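1. could you work out the structure for the sequence below:
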Amino acid sequence: MLGVVSRGIRAPIIKQGDEIRSIVVDTVLKAAQENSVTLQDRDVVCITESVVARAQGNYASTAAIAADVRTKTGGGTVGLVFPILSRNRFSMLLKGIAQGVDKVVIQLSYPGDEVGNLLFPIEALLAKGINPHSDHFTEAAFRAH
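-> Predicted coordinates for the structure are as follows:
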């Protein structure tokens, strides 16, 4: 018996004002037909929040992020702990955060981010004589490598 199956389906680019219900239905039915998948009662279709936000025009500008961060933090020094760098929105969030404060300190998970994306290729670390699973070092020692 088959357990949970997850499929990513390529849909058209969603723009503000698009009717996502019909786009999702049409896209899922087309994918099911093209891949000989039978949709069944109790199947679940999920849509990422970014698709819904795009259709709604629900965006936060970097200026809005900056204002919100400044209000909530007082605008001094803030720390970001273990951000997921591979998230496609992270760079824009970081830009907004940086605009709203005097200083940003980022603490990264090592050797990879929270979802396992490596900060550096393991081969590059090993070539420098660094064992990413056991070696610990200060910022100065890290920069010296």
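2. please enumerate the strands of the protein.
-> In the chain, the strands defined using DSSP state E lie at 77-81, 103-107.
3. tell me how far Ile122 lies from Gly3.
-> 32 Å (CB to CB, to the nearest Å). Every C-beta, even on glycine, is put in place using the N, C-alpha and C of the backbone.
4. what about those two, which has more around it?
-> Ile122 (14 against 4; other CB atoms under 10 Å).
5. one step back: could you dump the strands of the chain to a markdown table with mean pLDDT?
-> Below are the strands of the chain laid out as a markdown table (pLDDT from 0 to 100):
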| stretch | mean pLDDT |
| --- | --- |
| strand 77-81 | 95 |
| strand 103-107 | 94 |
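6. which one of those strands lies nearest to Thr27?
-> Proximity to Thr27, assessed across these by CB to CB, is greatest for strand 77-81 (35.1 Å).
7. mind saving the C-alpha coords of that closest one as CSV?
-> In CSV, the C-alpha atoms belonging to strand 77-81 read as follows (Å, rounded to 0.1, in the frame of the first residue of the first chain):
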residue,chain,number,x,y,z
THR,A,77,21.4,45.9,16.9
VAL,A,78,19.4,42.8,16.0
GLY,A,79,20.5,39.2,15.6
LEU,A,80,19.2,36.7,13.0
VAL,A,81,19.8,33.2,14.3
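8. mind listing what's buried along it?
-> Neighbour-count burial for strand 77-81 flags Val78 (criterion: 16 or more other CB atoms under 10 Å).
9. for that strand, which outside residues touch it?
-> Defining contact as CB atoms under 8 Å, 6 or more residues apart in numbering, one finds that strand 77-81 is touched by 69, 94, 97, 101-107.
10. quick one: it to strand 103-107, angle?
-> 20 degrees (axes from the mean of the first three to the mean of the last three CA atoms, to 10 degrees).
11. for this structure, just list every one of the helices.
-> Listed in chain order, the helices of the chain (DSSP state H) span 20-34, 49-56, 62-73, 90-100, 122-127, 139-144.
12. return the most buried member of those.
-> Highest mean neighbour count among the helices of the chain (mean count of other CB atoms under 10 Å): helix 90-100, with a mean of 16.
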